[in-house]
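Undergrad: Pasted the sequence and its predicted model underneath.
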Amino acid sequence: MKITFLGGGNMAAALIGGMVERGFAAGGIQVVELGAEARARLVERFGVRAVASADAAALGCEVLVLAVKPQQMKAALAPLAGRLGGQLVISIAAGLRLADLGRWLGAPGRPYSRLVRCMPNTPALIGAGVTGLYADPSVDAGGREAAERVLAAVGSTVWAATEEQMDAVTAISGSGPAYVFHFIEALEAAGRALGFDEAGARKLAIETVLGAARLAAGSEDSPAVLREKVTSKGGTTAAALASLAASGWHDALIAAVRAAQARGRELGAELGKD
Ligand SMILES: NC(=O)C1=CN([C@@H]2O[C@H](COP(=O)(O)OP(=O)(O)OC[C@H]3O[C@@H](n4cnc5c(N)ncnc54)[C@H](OP(=O)(O)O)[C@@H]3O)[C@@H](O)[C@H]2O)C=CC1
Ligand SMILES: O=C(O)[C@@H]1CCC=N1
């Protein structure tokens, strides 16, 4: 499968790195990226072809992945408008709606509809991503399978029932790694405050999150039951969890996810006006 990325930043690099690592031929991957340094890095790291603008070779792909920032999308698509000939287009942009992408990509009066919205996350780089997908209703089973094949190469996939749900996917798992890194930072800071050096505190924090996530993923017990199994009556964990509850962190996290979802909707509405 020939695949071209429009935009070669953080998320495109995570997807490309994960795909190449998992046996996707680098020769079949091209990147259209404005930045000369970013292009050179992609060529050096992954052996892909990187160009500054979408030439005929770049558009001679089966799958085009839109991986520029939402605010950059309309301008990035302008040179492609009306030039696509049936390629499956996968947008990974937060918020942007299929109808607006289709309008920007199509010819006047003829919106492009072979479109799938996807929301991956950066653990794709190590094949441990999770991606939500939603296809325009006109995309056939072959198109849906092709989108799923690309994203399944770098982790697991979940189909959303409605396009609206993509803003929720973005808020939970797209942005989610940042919440987890923030948690690791806090646990590491606690380790430092309790006398460990940086390396020791970081190792304790990261290995705890890694081990707990692996245990949760492989266990028949729910996360709540696993938590209870750590929490001895009258013990240390109970003291920590009571302190966390008093700080309202559980509701704070739910509010944070809702804020991310609202921002996704806002981006879609704001940017789609044009
Ligand atoms: N980062 C993440 O964890 C995730 C991001 N996403 C989505 O992925 C998309 C990209 O995000 P991210 O990788 O973080 O952003 P980056 O800014 O790292 O990557 C975007 C890249 O596209 C380049 N670019 C801008 N305009 C054009 C153009 N017209 N043609 C070609 N290249 C262009 C940018 O160059 P320059 O820097 O010079 O502007 C930049 O290198 C976003 O839409 C985001 O919503 C989705 C899931 C997770
Ligand atoms: O922060 C963002 O907007 C993007 C989308 C999900 C993760 N990063």
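TA: Structure's in. What do you need? Ligands and ions are numbered 1, 2, ... in the order given.
Undergrad: Just the element for residue 189, please.
TA: Secondary structure from DSSP states H and E places residue 189 in helix 176-193.
Undergrad: Rounded mean pLDDT for that helix, please.
TA: This predicted structure assigns helix 176-193 an average pLDDT of 98.
Undergrad: Check the stretch 1-150 of the chain for the residue nearest ligand 2 and tell me.
TA: Distance from ligand 2 to each residue of the stretch 1-150 of the chain (Cβ to the nearest ligand atom) is smallest for residue 94, at 3.9 Å. Any C-beta I mention is one placed from the backbone N, CA and C, and that applies to glycine too.
Undergrad: Test my guess that that residue contacts residue 170.
TA: Yes: shown here, residue 94 and residue 170 form a contact pair, counting by Cβ atoms under 8 Å, at 5.0 Å.
Undergrad: Spit out the contact partners of the closest residue to ligand 1 within the chain.
TA: Going by Cβ to the nearest ligand atom, ligand 1 is nearest to residue 9 of the chain, at 1.8 Å. For residue 9, the contacting residues are 33, 38, 67, 68, 69, by Cβ atoms under 8 Å, 6 or more residues apart in numbering.
Undergrad: Tell me the pLDDT of it.
TA: Confidence at residue 9, expressed as pLDDT, is 96.
Undergrad: go on, the one 5 residues further on?
TA: Among the per-residue scores, residue 14 shows a pLDDT of 93.
Undergrad: contacting residues around the nearest residue to it once chain neighbours are set aside?
TA: Take residue 14 and drop its neighbours on the chain: the residue closest to it by Cβ to Cβ, 6 or more residues apart in numbering is residue 125, 4.0 Å away. In this structure, residue 125 makes contact with 13, 14, 15, 17, 18, 154, judged by Cβ under 8 Å, 6+ apart.
Undergrad: What number of residues are in the vicinity of residue 262?
TA: Each residue near residue 262 was counted by other Cβ atoms under 10 Å, and the total is 12.
Undergrad: in what helix or strand does the residue of the stretch 1-150 of the chain closest to ligand 2 lie?
TA: Once you assign secondary structure using DSSP H and E, residue 94 falls outside every helix and strand.
Undergrad: hey, what's residue 134 bridged with?
TA: Here residue 134 shows beta-bridge partners residue 117, assigned using DSSP bridges.
Undergrad: Check it and give its pLDDT.
TA: According to the model, residue 134 scores 98 on pLDDT.
Undergrad: Could I get the contacting residues of it?
TA: Residue 134 neighbours (Cβ under 8 Å, 6+ apart): 98, 116, 117, 118, 159, 160, 162, 163, 165, 166.
Undergrad: Burial check on residue 80, number of neighbours?
TA: By other Cβ under 10 Å, neighbour count at residue 80 equals 22.
Undergrad: Now it. Its backbone dihedrals?
TA: Dihedral angles phi and psi of residue 80 (degrees, to the nearest 10) take the values phi -100, psi -10.
Undergrad: Return the distance of it relative to residue 56.
TA: Using Cβ to Cβ, to the nearest Å, we find residue 80 at a distance of 12 Å from residue 56.
Undergrad: The residue nearest to residue 14 falls within a helix, correct?
TA: Yes: using DSSP: H, G, I helix; E, B strand; the rest coil, the assignment for residue 125 is a helix.
Undergrad: okay, now the domains of this structure?
TA: The chain breaks down into these domains under automatic domain parsing: 3-165, 176-262.
Undergrad: returning to what we had before: to what extent is the residue of the stretch 1-150 of the chain closest to ligand 2 buried, counted in neighbours?
TA: What residue 94 shows, counting by other Cβ under 10 Å, is a neighbour count of 21.
Undergrad: Over to residue 29?
TA: By other Cβ under 10 Å, the residues close to residue 29 number 25.
Undergrad: For residue 104, report the pLDDT, please.
TA: Residue 104 is assigned 96 on the pLDDT scale.
Undergrad: do the same with residue 108
TA: Here the pLDDT value assigned to residue 108 is 87.
Undergrad: Now it: closest residue in space that isn't a chain neighbour?
TA: With Cβ to Cβ, 6+ apart, the residue lying closest to residue 108 is residue 82, at 7.8 Å.
Undergrad: for the one you found, what are its contacts?
TA: When contacts are counted by Cβ under 8 Å, 6+ apart, residue 82 touches 106, 107, 108, 110.
Undergrad: now do residue 198
TA: Going by Cβ under 8 Å, 6+ apart, residue 198 touches 188, 192.
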